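>>> give me a 3D structure for the following:
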Amino acid sequence: MDPQTAEVLIIGFKYLGAGLAMVGTLGAGLGIGILGSGAVQGIARNPDAAGAIQINMILAIAFAEAVAIYALVVAMLLLFVG
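Just a heads-up that it's a prediction; the model follows:
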């Protein structure tokens, strides 16, 4: 294999790896949507507990969003460092 073809393959695999790393954001987005839906339903059923539900929802969303941020960091590392 000549060096030019090897370089093109390396760049292609780097982009493929970064794209696959971002698959983790799908789960985070789905989780945040389910959390929001459950919180809205919970508040609609029991408006008095809105404060407690909202605090727990925000905390859970922060944890789910952390997974997406980790996936983004891995993708950026693959693109610009690797």
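>>> how many neighbouring residues does Leu9 have?
Other residues near Leu9 come to 11 when the count uses other C-beta atoms under 10 Å. No exception for glycine: its C-beta is placed from N, CA and C like everyone else's.
>>> what helix or strand is it located in?
Here Leu9 sits within helix 3-21, counting by DSSP states H and E.
>>> buried residues, that helix. List them.
17-18, 21 (16 or more other C-beta atoms under 10 Å).
>>> list the contacts of whichever helix or strand comes after that helix.
As assigned by DSSP H and E, the chain's next helix or strand after helix 3-21 is helix 24-45. Residues from elsewhere that reach helix 24-45 (C-beta atoms under 8 Å, 6 or more residues apart in numbering): 49-50, 53-54, 56-57, 60-61, 64-65, 67-68, 70-72.
>>> and the angle for the helix ranked longest in the chain with helix 3-21?
Secondary structure of the chain per DSSP state H: the longest helix is helix 50-80. With axes from the mean of the first three to the mean of the last three C-alpha atoms, to 10 degrees as the basis, helix 50-80 and helix 3-21 are set at 170 degrees to each other.
>>> quick one: Ile34 from Ile53, how far?
In this view, Ile34 and Ile53 are 14 Å apart by C-beta to C-beta, to the nearest Å.
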